[in-house]
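Asks: need coordinates for the below:
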Amino acid sequence: MRPIQNLIPLIAVIVGTLSGPPESQAQDPADAQLATIKQYCVGCHNDKAKTGGVTFQGISAASVAKDPDLFEKAVRKLRGRVMPPPGAKQPDGKAVDSLVAWLEGSLDKLPNQAHITDQIVLHRLNRKEYENAVRDLLLVEVNGADLLPPDDTAQGFDNIASALQVSPSFIEQYVIAARNVALLALGKRDSRPQGWTFRAGSGNQLTHVPGLPLGTRGGILAKVDLPADGEYRINIPDMATHIWGNGMEYENPLVVTLDNKIVYQTVIGGEEDSKLYDQVQSGALDRVNARLKNIKFQATGGPHTVSYTHL
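Replies: Numbers count the residues shown, from 1 in each chain. Below is the predicted model:
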C-alpha cells in the first residue's frame with residue numbers, strides 16, 4: 001500500500017488536467033465572428049478601398065452598437081448570400097449562418113431598436129395594385145377608381161408606402177369595396193333575371209377573332225359576371241338572314257362556348273337549308289335562325305367568358 005503522502009502529487013496533476021486553462025484565457029464568442037469578417041470582408045471594405053462606402057477595418061464587438069443600420073444591411077446581404085460578392089473567396093454556409101446569428105443577437109440586445117422599426121412602413125395597395133390583386137385572385141375585372149378613394153402621391157409616385165395612409169374612413173371604403181367584389185365573384189342568389197347584349201367588333205366575320213380558338217373565324221368573345229348559379233340562355237339574332245346568298249349553300253359549323261368549353265353546336269347552311277329555302281321559302285330563314293335562339297346552359301355565379309364562333 002502506497003503512503004498517502006505519495007498520492008498527493010498525483011491528485012494535484014489530475015485536478016490540474018481537468019480544470020483546463022484559466023477562465024480569463026477562454027475565447028470570446030465574438031472573436032470567431034470578427035475573424036470571419038476580417039478574413040472575407042475587410043479585403044474590399046477597408047479604409048483605403050471603402051467599397052460601397054463601407055469599411056470594416058478595425059472592427060470590434062462594439063462596432064455593432066455604433067452603427068446598427070450598417071450591420072442591419074450586412075445581415076440582409078449575408079442572408080441573401082450576396083456578400084461576399086460572386087467570384088470572391090466565400091466562407092462556408094455554417095460560418096455565414098453563425099455570423100448572421102451573432103449579428104442579429106447583438107442587434108437585438110441594443111436598448112434602442114428605432115433603427116429597425118423606423119424602416120418598416122405599412123404598405124397598403126393602391127388602386128392599380130388592388131385591381132391586379134382582385135383579377136389574379138378572383139378572375140374579376142374591377143375599376144379601382146369606382147371602388148376606392150384617390151391615392152396620395154409622393155415625389156410623383158402613387159405606390160410609396162409612406163404616402164399611402166390608412167384612415168378609419170378609408171378602411172370603411174375598403175370593406176365596401178370588398179363586398180362589391182365578393183358579389184361579382186360569387187354572385188347573388190336572390191338576384192333578378194337580367195340580360196346583356198354584346199356586339200361583334202368592326203370588320204367582317206371571315207377572319208379570326210383574338211381570344212377565340214385558333215382555326216376559328218368570326219364570332220364574339222365576351223366577358224360577363226353572372227349574378228348567381230342557374231340556367232342562362234343565349235340568342236344569336238338572324239344570322240342566316242345576314243349570310244344567305246353569301247356562302248349559305250355551304251355548311252357553316254357554329255359553336256357556343258362557356259369558359260372555352262363547348263355548350264352548344266350546330267350547322268347553318270348546306271344542302272338541307274338550301275332545299276328548305278327553295279321549297280318552303282316563306283318562313284325558311286326563321287326556321288334556320290331558330291336554331292340559334294334560347295340556347296340553354298348551366299353556369300355558376302361569377303366571372304365567365306362566353307363566345308360563339310365558326311369552325
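Asks: mind listing what's buried in stretch 92-102?
Replies: 95, 96, 98, 99, 100, 102 (16 or more other C-beta atoms under 10 Å). Just so you know, the C-beta spots here come from the backbone N, C-alpha and C atoms, and that holds for glycine as well.
Asks: quick check, nearest of those residues to residue 109?
Replies: Of all these, residue 109 sits closest to residue 102, with 11.0 Å by C-beta to C-beta.
Asks: let me know the average pLDDT across stretch 292-309.
Replies: Across stretch 292-309, pLDDT averages out at 87.
Asks: buried ones in it, by neighbour count?
Replies: For stretch 292-309, by 16+ other C-beta under 10 Å, it's 292, 295, 299, 301, 302, 303, 304, 306, 307, 308, 309.
Asks: can you check stretch 158-170 too?
Replies: So, applying 16+ other C-beta under 10 Å, buried residues of stretch 158-170: 160, 163, 164.
Asks: for the stretch 101-250 of the chain, which spans come out with low pLDDT?
Replies: Residues of the stretch 101-250 of the chain meeting the criterion pLDDT under 70: 112-122, 188-191, 203-204, 240-248.
Asks: what residues does the longest helix seen in the chain touch?
Replies: Longest helix of the chain, by residue count under DSSP state H: helix 168-186. Helix 168-186 has contacts (C-beta atoms under 8 Å, 6 or more residues apart in numbering) with 130, 134, 138-140, 142, 147-149, 225, 227, 301-303.
Asks: in helices, which of the residues you listed appear?
Replies: 130, 134, 138, 147.
Asks: what's the burial count for residue 219?
Replies: Number of residues near residue 219 (other C-beta atoms under 10 Å) recorded here: 21.
Asks: contacts only, for it.
Replies: Contacts of residue 219 by C-beta under 8 Å, 6+ apart are 200, 205, 209, 212, 307, 308, 309, 310.
Asks: sec struct for it, please.
Replies: strand (DSSP: H, G, I helix; E, B strand; the rest coil).
Asks: done for today, thanks.
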